[in-house]
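# Curious how this folds, go ahead:
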Amino acid sequence: MIISQSFHFDKIAMIFERLSPSKNLFSLLNQQVRSFARDPFPNKLTHYLHRAKLIDSIRLALRSNSPNSLNPLLQTRLLDSFVVANAFRSAPSADSAISFFENLKQVPNFAHSQNTIFAFATVLAKFKRKVELKALIGDAKDGKFNNVKASFMNLLFWYSTAGDLQKVLETWEEYRNEENRLSTEAHNIVMGLYAKKDMNFEAVEAFRGMIDQGVIPNSRTYTILIEHLVRLGKLDAAMEVFTVLPSMRIKRTLKQFLILVEGFVGGERFDVVKSLLKEMREDGKLPGRAMRIYLERMKEAGFAGETDEFLVEMLPDGRIKSVGSCEDSSDEDEDEDGDDDVNEGVDVHTVKLKPWLDPKALANALKQWSPEVVTILEDAKFVWTSRLVCKVLRNFTSPETAWNFFCWVASQPGFSHDIYTVQRMMTLLARHGNVELVDKLINKVRREQMILPFSTIRLLVEFYGISKNADAALKVFRNDRTLCGHISRFNLMLLYSSLLRALTKCRRNTDALDILDEMILNGICPDIQTFSGLIYHFALQGDIKTVQQLFSMIRQSGMEPDAYMFKLLIQAYCKCQRAALAYRVFVDMRNSNLMPDAATKDLLVKSLWQEGRRKEAVIVEERYEETDGVLPLALRGHVWTVSSEDLTRVYSIYSNSVIAPA
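Alright, predicted model coming up:
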């Protein structure tokens with residue numbers, strides 16, 4: 001149930017009435033209060049629908065041959081930064097966007113916002129209009145758009161989209177002078193532009209610099225690597241990088257699947273495409289329509305059984321009609337003025353567009369779920385597809401509203417929930433700890449004999465860890481993992497690792513150790529990331545005995561602690577004021593011919609001094625001097641997820657494939 005808070009203006013008015021010497025003054029104040037309080041729209045959904053109609057009208061006008069078709073649309077009070085930003089994003093060309101921008105200068109009281117300038121600059125960059133882009137950025141820097149600012153990341157994005165390498169590198173250097181450590185996305189932008197321009201050596205060096213500085217690559221980083229390798233014809237190397245991602249707990253994206261499917265279909269290696277489609281199912285990916293052309297080629301080659309189900313999901317939905325005219329919305333709002341001629345000048349016979357829809361904005365408009373909102377939503381006649389419902393669910397912040405929407409949409413004509421919408425709803429509920437509702441959906445899956453993607457089971461376990469529901473995580477692991485069918489040994493190792501991480505988040509230490517024993521007894525060996533996460537957790541609590549037991553398990557498994565694991569131990573012991581133990585780890589690390597990074601060494605020396613262990617602090621500094629005062633900026637890896645070995649492996653695959661040997 002949603003509880004909303006509002007001002008009770010009648011009570012405020014009563015206070016004014018008592019204090020005011022004049023009834024007339026009270027009456028005037030009361031009218032003003034009510035006037036300011038009145039919202040021109042009864043709810044956010046109505047506002048969204050009016051905005052959507054106006055955006056559609058502007059989209060059509062931008063594609064019209066009539067130069068005057070846009071002007072009437074800019075006179076409505078509905079025109080705001082949200083409408084303008086989305087209209088810019090829909091511009092079919094740079095010239096149409098520039099014309100729109102110039103027309104906006106004639107609109108009284110309209111002021112550009114961060115979103116509108118960002119959208120306009122992105123269109124200019126997309127169409128490689130470098131001169132106009134630089135002029136716009138200069139105006140923003142000169143303060144011509146009030147408080148609109150162009151951040152370093154904005155500049156990097158625009159210049160890279162425009163393909164202007166020189167400006168990207170200039171901005172990069174300026175950015176590095178301002179920030180000690182640049183974001184993953186900043187590195188991605190530079191590396192991606194090098195890759196697009198086939199500057200292979202520079203792209204490899206950018207990736208190496210990224211991981212050597214301790215910046216953790218994300219899914220987009222690996223998309224850049226895979227796309228670069230496929231473009232160079234290095235399909236096996238691209239597939240090898242893609243195969244490493246699950247062990248690094250990196251989410252594999254639909255774009256990565258598309259790039260690989262395109263590459264292997266082009267090489268007529270349909271056996272690999274077949275395995276990729278299977279993995280898409282396991283990852284719970286709903287394929288995009290861009291993949292359709294490649295699957296049709298695969299079907300023509302005789303693989304109908306592997307592609308038919310996907311192709312059915314990609315067929316255009318005949319219920320979605322194109323926008324055929326710029327409709328006047330004034331009849332739906334008595335306060336609309338000046339919109340009577342919005343159809344003038346638009347050739348509705350030559351322009352066909354799907355209706356504009358923004359899932360995020362729509363989800364935001366549905367926050368205040370009520371019978372009135374439901375009625376308006378039904379009257380809007382949205383065409384509900386699995387893809388659209390998933391996008392809307394993803395953008396809900398409230399699990400209660402998401403559940404209300406999920407239940408309501410199930411009764412809409414032509415729609416029924418499938419495994420994609422069910423899994424989306426389940427993971428959202430699990431993240432917020434709604435165990436009872438997740439169980440209802442699990443029972444639905446079991447009753448209707450659906451097959452859950454393996455990724456969904458893992459996400460449920462991990463999200464129950466975030467929401468501190470250890471028992472629910474254990475239940476999913478014990479009772480519900482069979483819903484995804486057969487689980488390979490590697491995937492079972494990942495699932496055990498997710499459960500162990502969830503249990504440590506919930507501080508269920510005994511259960512975590514029991515699960516670890518069970519895992520090993522079942523012949524499933526934890527990877528180095530799992531051991532690192534457990535060691536860090538117990539070291540942070542000062543549980544020396546358990547840490548020593550875990551070290552013994554590592555060596556019994558034939559693995560050796562890497563530099564990143566030693567680093568985690570030193571950090572954990574220093575955090576819980578056990579510098580003596582951290583020093584012993586440092587000694588073990590040096591005996592293994594490994595060294596910490598500069599930040600870890602400084603932390604250890606500082607902790608030793610604070611705890612009065614000056615002799616040990618001096619020894620650490622002396623060992624540091626033995627390396628000629630050079631330590632790595634950061635050690636490759638990340639707790640629970642990425643090992644230094646995997647990062648080194650990916651770098652080796654990429655560099656050896658991209659840079660041809662002399």
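# Which residue ranges of the stretch 51-200 of the chain form strands?
Here the stretch 51-200 of the chain has no strands by DSSP state E, counting those that start in this stretch.
# So, low pLDDT: which residues of it?
Within the stretch 51-200 of the chain, the ranges that satisfy pLDDT under 70 run 67.
# same deal with the stretch 201-350 of the chain?
In the stretch 201-350 of the chain (pLDDT under 70), the answer is 305-350.
# Can you show me the helices along it?
In the stretch 201-350 of the chain, the segments counted as helices under DSSP state H, counting those that start in this stretch are 219-231, 235-244, 254-266, 270-282, 292-300, 304-314.
# For the second one, which residues meet the burial criterion?
Looking back up the chat, that one is helix 235-244. Residues 235, 237-242 are the ones in helix 235-244 that count as buried (16 or more other C-beta atoms under 10 Å). For glycine as for every other residue, the C-beta is placed from the backbone atoms N, C-alpha and C.
# what do you get for the shortest one?
With burial defined by 16+ other C-beta under 10 Å, the residues of helix 292-300 counted as buried are 292, 294-295, 297-299.
# Out of those residues, which comes closest to residue 221?
residue 294 (24.2 Å; C-beta to C-beta).
# related to what we said a few turns ago, which of the helices of the stretch 201-350 of the chain sits most buried?
helix 219-231 (a mean of 22; mean count of other C-beta atoms under 10 Å).
# Which neighbouring elements make contact with it?
helix 184-196, helix 200-212, helix 235-244, helix 254-266, helix 644-658 (3 or more C-beta pairs under 8 Å, 6 or more residues apart in numbering; DSSP states H and E).
# Now distance to residue 156 too, for these, in TSV please.
Converted to TSV, the helices and strands packed on helix 219-231 look like this (distance: least, C-beta to C-beta, whole Å):
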stretch	distance to residue 156
helix 184-196	5
helix 200-212	13
helix 235-244	24
helix 254-266	20
helix 644-658	22
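# May I see the domains of this protein written out as residue ranges?
Using the TED database, the domain parsing of the chain gives 38-180, 353-450, 452-526, 544-641.
# For those, give me JSON lines that also has distance to residue 269.
Compiled in JSON lines, the domains of the chain are given as follows (distance: least, C-beta to C-beta, whole Å):
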{"stretch": "domain 38-180", "distance to residue 269": "31"}
{"stretch": "domain 353-450", "distance to residue 269": "28"}
{"stretch": "domain 452-526", "distance to residue 269": "22"}
{"stretch": "domain 544-641", "distance to residue 269": "31"}
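# Now mean neighbour count too, for those, in TSV please.
Converted to TSV, the domains of the chain look like this (neighbours: other C-beta atoms under 10 Å):
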stretch	mean neighbour count
domain 38-180	18
domain 353-450	17
domain 452-526	19
domain 544-641	17
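# For the closest residue to residue 485 other than its chain neighbours, give me its contacts.
Leaving aside its sequence neighbours, residue 485 sits nearest to residue 451 (C-beta to C-beta, 6 or more residues apart in numbering; 5.6 Å). Taking C-beta atoms under 8 Å, 6 or more residues apart in numbering, we find residue 451 in contact with 419, 483-485.
# so how far is residue 494 from residue 451?
18 Å (C-beta to C-beta, to the nearest Å).
# For residue 209, grab the count of nearby residues.
15 (other C-beta atoms under 10 Å).
# for the stretch 351-500 of the chain, what spans make up the helices?
Counting by DSSP H, counting those that start in this stretch, the helices of the stretch 351-500 of the chain are 359-365, 371-379, 386-394, 399-409, 419-431, 435-447, 454-466, 470-475, 489-505.
# Would you convert those helices into a markdown table that also reports mean pLDDT and distance to residue 119?
Listed next are these as a markdown table, based on pLDDT from 0 to 100; distance: least, C-beta to C-beta, whole Å:
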| stretch | mean pLDDT | distance to residue 119 |
| --- | --- | --- |
| helix 359-365 | 96 | 14 |
| helix 371-379 | 95 | 27 |
| helix 386-394 | 94 | 20 |
| helix 399-409 | 97 | 28 |
| helix 419-431 | 96 | 28 |
| helix 435-447 | 96 | 37 |
| helix 454-466 | 96 | 33 |
| helix 470-475 | 97 | 42 |
| helix 489-505 | 97 | 39 |
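# what ranges do the helices span in the stretch 51-200 of the chain?
In the stretch 51-200 of the chain, the helices defined using DSSP H, counting those that start in this stretch lie at 81-89, 94-104, 114-126, 130-141, 152-161, 165-178, 184-196, 200-212.
# Adding distance to residue 561, write those out as TSV.
Listed next are those as TSV, based on distance: least, C-beta to C-beta, whole Å:
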stretch	distance to residue 561
helix 81-89	50
helix 94-104	56
helix 114-126	46
helix 130-141	49
helix 152-161	37
helix 165-178	33
helix 184-196	26
helix 200-212	20
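# Can you say which of these is nearest to residue 361?
Among the helices of the stretch 51-200 of the chain, the nearest to residue 361 by C-beta to C-beta is helix 81-89 (7.5 Å).
# Go ahead and confirm residue 417 touches residue 410.
Yes - look at residue 417 against residue 410 with C-beta atoms under 8 Å: they come within range, at 5.7 Å.
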